[in-house]
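S.K.: I need the structure of the sequence given here:
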Amino acid sequence: MKLTMVDPELRRAVARTPRLPLGQTWGRRVVRALVRRSGSGKPVEGVEIETVDHGAGLRTYIPAGGGSGAALLWVHGGGYVIGDVVQDEAFCAATARELGVAVVSTNYRLAPEYPFPAALDDAFAAWQWLQQSAGSLGIEQERIAVGGASAGAGLAACLVQRLHDAGGAQPVAQWLFAPMLDDRTAARRELDQLRHRIWNNAANRVGWGAYLGVDPGGSRTPDYAVAARRADLRGLPPAWISVGDIDLFANENHDYSQRLRDAGVDCVLDVVPGAPHGFESWAPDSSVARALLERSRAWLGARLAGAGLYQG
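M.R.: Residues are numbered from 1 along each chain as shown. Below is the predicted model of the structure:
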């Protein structure tokens, strides 16, 4: 993909981005270690940050004064093979402060060492912990949204499907940044030639193959493993989905958002011209990222402010 297709403000950062050796064990280990060290560890004014020793590990972000009683469960990205809660520290803290809501960010076990359903089980355990801890955190159980980025957004989409089928209290919204929704994209070898920036289809195939434990694109996948494979999307919570128009996931995100609407689910699809995968995380100070984050937080804030117990 030519650099000229990228928004001019993002080109320099894109050109400097190295290719990640995710297909090699040593490469994943190095990247994981670097990500874990990326957390600032610095206090954030107006937000209390704590680490919770539960399951795969949680991090809570509580705004000064305790917040409005609403909360967000956040799931980090990393193609199912890398990533850590600390990589989204600034994002989670800013969301907690700007919206006045508690944010709980969860780690999860990574593939290929821990294939499906390990990551989803960890996200589900984080949801259960948040429900059980709502009182002590000053959170109303019926005012919790689920969100994530990339593979984390794919996990969030699968989590709301699992919660829908399980019954009980439901997320009031799903907040998805460039979600990794469909393993069948990875099986399309012709997409390799496009060489998408930041996250290409070769890396996509590594991530899905590691997570599923088999080559992606097969005739069937386990329930809740691949969000786009679910046939019936009726009754799921309202969704906000963002994606760049040159992101590898653009088509699958568009298709999923349309299927949600066809199923009667309120869904906003925010397509950003010239934006590669995950730009809001690696270029957060760019005008395009700031604008996206403003739109996304406005949507989430409105959903949480008007939330009642969602019945799927």
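S.K.: Identify each buried residue in stretch 235-252, please.
M.R.: For stretch 235-252, the neighbour count (16 or more other CB atoms under 10 Å) marks 236-244, 246-250, 252 as buried. (C-beta placed from N, C-alpha, C; glycine too.)
S.K.: pLDDT weak spots in the stretch 51-200 of the chain?
M.R.: Within the stretch 51-200 of the chain, not a single segment meets pLDDT under 70.
S.K.: Quick one: the strands in it, in order.
M.R.: Using DSSP state E, counting those that start in this stretch, the strands found in the stretch 51-200 of the chain span residues 58-63, 71-75, 102-106, 144-149, 174-177.
S.K.: Let's have those strands in JSON lines, adding mean neighbour count and distance to Arg220.
M.R.: Converted to JSON lines, the strands of the stretch 51-200 of the chain look like this (neighbours: other CB atoms under 10 Å; distance: least, CB to CB, whole Å):
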{"stretch": "strand 58-63", "mean neighbour count": "22", "distance to Arg220": "33"}
{"stretch": "strand 71-75", "mean neighbour count": "28", "distance to Arg220": "25"}
{"stretch": "strand 102-106", "mean neighbour count": "28", "distance to Arg220": "28"}
{"stretch": "strand 144-149", "mean neighbour count": "27", "distance to Arg220": "25"}
{"stretch": "strand 174-177", "mean neighbour count": "28", "distance to Arg220": "24"}
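S.K.: Those strands: which one's closest to Pro222?
M.R.: strand 71-75 (18.6 Å; CB to CB).
S.K.: now the closest one, how far from the chain's geometric center?
M.R.: For strand 71-75, the separation from the chain centroid amounts to 9 Å (computed by CA atoms, centre = their mean, to the nearest Å).
S.K.: Listing partners with orientation, what would you give for that strand?
M.R.: Its sheet considered, strand 71-75 pairs with strand 102-106 (parallel), strand 144-149 (parallel) by DSSP bridges.
S.K.: Tell me which residues are up against the first one.
M.R.: Spelled out, that is strand 102-106. 55-63, 66-67, 70-76, 85, 88, 92-93, 95-96, 122-123, 126, 129-130, 137-139 (CB atoms under 8 Å, 6 or more residues apart in numbering).
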